[in-house]
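> any chance you can model this:
(one chain, ligands or ions: 1)
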Amino acid sequence: MLKTIRRIHCLLLGTAALVTAVSLGSAASVAQDKNETKIVATFLPIYMFTKGVTGESGKVELLIPAGADPHDYQATPENARSIAEADVLVKNGLGLEEFLEKLVDATGNSQLQEIDASQNIEPLEEEDKDHDDHDHDHHHGHHHEEGNPHVWLDPVLAQQQVKNIRDGLIQADSANEATYRANADIYLRKLQELHQEFQSRLSPFQGCKFIAFHDAYPYLAQRYNLQQMAVVELPEDNITPRDVQIVIKAAEEYQVKGLLAETGFNDNRMQQIAKDIRLPIKKLDPVISGSLDPEYYFTAMRNNIKTLEEVCQ
Ligand SMILES: [Zn+2]
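Residues are numbered from 1 along each chain as shown. Sure thing, here's the model as predicted:
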């Protein structure tokens, strides 16, 4: 399942190492080198983690625009060009980027080094979305054979992803090892602080049960002793009375504290369902849209802490 990183560019990197050795520690000057490593990251969280490691100076291209759904993303000719010219491709892995393998093969870039950010992470199985009693055709859902790919939403697993990215970048571009290590240390410390904040702020709400509409939060729930009781995947339009019944039934069956929807959901209908069953509905952010600033991950995740506090109180 895991791709090994191919060693390439040995001669080129060797030269680059000589040239840049003098300026190690000064990331800005390194980035101006025209031999700089061209890095492409697949989607927003992976882009932010990669930027966190390269620092301000490193040039990283984002493949899937922020806000686009990585699950059913259709690659563009521009994407193909980006990958054809790239030295390094950083992906979430665990089958999230379904389009990627074909795209990479098509570009015929034999020099490309792939970094699988989920390497050495043991994935959870995807939720059985049907819970035995719901129609299959209610789900437009995506099933990933490699397990649930939403690991970036757990600040502890995110640290493993950052370490994987750091190690992969060092292997691809050893000239900048010191920069990558220094930046990664800072980013990892922030992720650890975020984790501690999740722990302390959610500790009064142990066991809090919620219903989600996308199977994106099992890692987060497991980490902080919350319970994602059900995942009800509603159609993107035309929510039927039967869909509403499914939500109501699940809410009663599992005695949940609230409904956690996502950005992009039709507010009015969801608000109506929530009103009918007298449960709060809040938006939990999967962090696939928003600012490209690597700090934005922390902003979005702190908003998620607040959301969970409000739902679970
Ligand atoms: Zn997803």
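
> looks to me like L89 is in a helix.
No. Secondary structure of L89 (DSSP: H, G, I helix; E, B strand; the rest coil): strand, not part of a helix.

> mind checking how far it is from N120?
Counting by CB to CB, to the nearest Å, the separation of L89 from N120 is 18 Å. C-beta coordinates here come from the backbone N, C-alpha and C atoms, glycine included.

> any low-confidence regions in the stretch 1-150 of the chain?
For the stretch 1-150 of the chain, the stretches with pLDDT under 70 are 1-34, 127-145.

> mind listing the strands for it?
39-41, 60-62, 88-91, 113-116 (DSSP state E, counting those that start in this stretch).

> switch the ones you listed over to CSV; also include mean neighbour count and distance to L194.
As requested, those are arranged in CSV below (neighbours: other CB atoms under 10 Å; distance: least, CB to CB, whole Å):
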stretch, mean neighbour count, distance to L194
strand 39-41, 25, 20
strand 60-62, 19, 21
strand 88-91, 26, 21
strand 113-116, 23, 22
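
> need those in JSON lines (columns: distance to H214).
As requested, those are arranged in JSON lines below (distance: least, CB to CB, whole Å):
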{"stretch": "strand 39-41", "distance to H214": "22"}
{"stretch": "strand 60-62", "distance to H214": "21"}
{"stretch": "strand 88-91", "distance to H214": "20"}
{"stretch": "strand 113-116", "distance to H214": "23"}
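
> who wins for proximity to D293 among the ones you listed?
Distances from D293 to each of the strands of the stretch 1-150 of the chain were compared using CB to CB; the minimum, 12.1 Å, belongs to strand 60-62.

> name the residues that touch the closest one?
Judged by CB atoms under 8 Å, 6 or more residues apart in numbering, the contacts made with strand 60-62 from elsewhere in the structure are 38-41, 43-44, 47, 50-51, 54, 82, 86, 292.

> just the residues you listed now: which is nearest N304?
Taking CB to CB as the measure, N304 sits nearest to L44 out of these, at 14.7 Å.

> which residues of the stretch 151-300 of the chain score low on pLDDT?
263-267.

> the strands in it, which residues?
Along the stretch 151-300 of the chain, counting by DSSP E, counting those that start in this stretch, strands occupy 209-212, 227-231, 258-261, 281-283.

> can you redo those strands as CSV with distance to Y219 and mean neighbour count?
As requested, the strands of the stretch 151-300 of the chain are arranged in CSV below (distance: least, CB to CB, whole Å; neighbours: other CB atoms under 10 Å):
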stretch, distance to Y219, mean neighbour count
strand 209-212, 12, 22
strand 227-231, 10, 20
strand 258-261, 14, 24
strand 281-283, 19, 18
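
> number of residues surrounding P65?
Counted with other CB atoms under 10 Å, the neighbours of P65 add up to 12.

> when you give positions from now on, start the count at 857
Shifting the count to begin at 857 puts that one at P921.

> the residue nearest to N976 when sequence neighbours are not counted: neighbour count?
Spatial nearest neighbour of N976, excluding adjacent residues (CB to CB, 6 or more residues apart in numbering): Q1016 at 6.7 Å. By the criterion of other CB under 10 Å, Q1016 has 18 neighbours.

> quick one: contacts for Q1016?
Q1016 sits next to 976-977, 1007 when contact means CB under 8 Å, 6+ apart.

> what's the answer for A1077, then?
Neighbour list for A1077: 1066, 1083-1084 [criterion: CB under 8 Å, 6+ apart].

> from F1066, how far off is Y1080?
Separation of Y1080 from F1066 (CB to CB): 12 Å.

> if we can go back for a sec, need the strands of the stretch 1007-1156 of the chain in CSV with distance to N1159, can you?
CSV is the format used below for the strands of the stretch 1007-1156 of the chain (distance: least, CB to CB, whole Å):
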stretch, distance to N1159
strand 1065-1068, 16
strand 1083-1087, 18
strand 1114-1117, 12
strand 1137-1139, 9
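
> I'd like to know which of those strands is closest to P921.
Distances from P921 to each of the strands of the stretch 1007-1156 of the chain were compared using CB to CB; the minimum, 20.3 Å, belongs to strand 1137-1139.

> what's the pLDDT at E1165?
In the predicted model, E1165 carries a pLDDT score of 97.

> tell me how many other residues surround it.
Under the criterion other CB under 10 Å, the count of neighbours that E1165 has is 15.
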